[in-house]
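From the sequence below, what's the structure:
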Amino acid sequence: MPVALDKQQIVAEAVALLDAEGLDGVTLRKLAGRLGVQQPTLYWHLPNKAALVTEIADAILDQHFPDLAPPPPGTDWREWLAELALRLRGALLAHPDGARIISISQLSVRMAAISEVALGALVAQGVALRHARLIVLTVEHFTVGHVLEEQTGRPGAEDAHGFDIEAFTRDHPMVVSGISEYFGGGRTPDDLFRDCVDVIIRGAGATAGLAS
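Numbers count the residues shown, from 1 in each chain. Below is the predicted model of the structure:
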């Protein structure tokens, strides 16, 4: 007896496959095997892997953005947008290759919905639409790019073989000192992300002629 499937079931299993094997392990063949169906069966719901990736992106965002609402009255849009960026980072970090999924997804409806609410929030507080779009786009792109770097992973011992840390420190003293000074105070990668986002948002606001 053939197995009855719906798109929600397929996407949920695809997210589980992503969590188990990362994006490179997400194939329609493996997905069909996990669902106990033949691969052509999936084409009734998803025409290709690109469509599957977009559905996975929307599912990941749905988990962390079950509801989307503008900031309450009196809320500073800068603080609200920074918190939105933190939520987006959390959604991407919650799954292997989450940032890659978002970056290559095509027409993610959920990402568009996040952008729509963010734009509306800024415009409602007096930010011109052109500036609002640039600010939101920059924050979103920075967040995805930052997580891409985080999820790439740091070099292992084998990758660092032959790397001369003393020479690097001598040739790049400001880089090394800057890193040591920042993290020497007990700051974490989470703090670094938030501080970078704050620089972007407040700098963008100043460029748009908005009071800080």
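
now A16: how far from I60?
To I60, A16 is 12 Å away according to CB to CB, to the nearest Å. Where you see a C-beta, it was placed from the backbone N, CA and C, and this is true even at glycine.

between those two, who's got more neighbours?
The neighbour comparison of A16 against I60 (other CB atoms under 10 Å) goes to I60, with 24 against 12.

residues touching that one, list them.
By CB atoms under 8 Å, 6 or more residues apart in numbering, the contact set of I60 is 15, 91-92, 94-95, 98, 101-102.

Name only those of those residues that count as buried.
15, 91-92, 95, 98, 101-102 (16 or more other CB atoms under 10 Å).

so where is this structure shaky, pLDDT-wise?
For the chain, the stretches with pLDDT under 70 are 1-4, 154-160, 207-212.

and the longest helix for it?
Scanning the chain for the longest helix, with DSSP state H as the assignment, gives helix 129-152.

which helices and strands sit right next to that one?
helix 77-93, helix 98-104, helix 109-124, helix 189-207 (3 or more CB pairs under 8 Å, 6 or more residues apart in numbering; DSSP states H and E).

Among those, which comes closest to L134?
helix 189-207 (6.9 Å; CB to CB).

Residues in contact with that closest one: which ones?
78, 81-82, 85-86, 89, 127, 131, 134-135, 138-139, 142-143, 146, 150, 182, 211-212.

Now do the buried residues in the helix or strand A20 falls within.
Per DSSP states H and E, A20 falls inside helix 7-21. By 16+ other CB under 10 Å, the buried positions in helix 7-21 come out as 10-11, 13-15, 17-18.

again with stretch 101-108
101-102, 105, 108.

between those residues, which is closest to A32?
Distances from A32 to those, taken by CB to CB, are shortest for I101, at 19.6 Å.

which non-adjacent residue is nearest the closest one?
Of all residues not flanking I101 in the chain, A57 sits nearest, at 5.0 Å (CB to CB, 6 or more residues apart in numbering).

who's in contact with that neighbour?
101-102, 105, 108, 110-111.

at 10 Å instead, please
Contact analysis of A57 by CB atoms under 10 Å, 6 or more residues apart in numbering lists 91-92, 98, 100-111.

for A124, same thing?
Per CB under 10 Å, 6+ apart, neighbours of A124: 70-71, 73, 77, 132.

P96 versus that one, what's the distance?
Counting by CB to CB, the gap from A124 to P96 is 37 Å.

Then V197?
Following CB to CB, the distance that separates V197 from P96 is 23 Å.

out of these two, which sits in the busier spot?
V197 (23 against 18).

and the closest residue to L129 other than its chain neighbours, how many neighbours?
In this structure, L129 finds its nearest non-sequential neighbour in V123, 5.6 Å apart by CB to CB, 6+ apart. V123: 15 surrounding residues under other CB under 10 Å.
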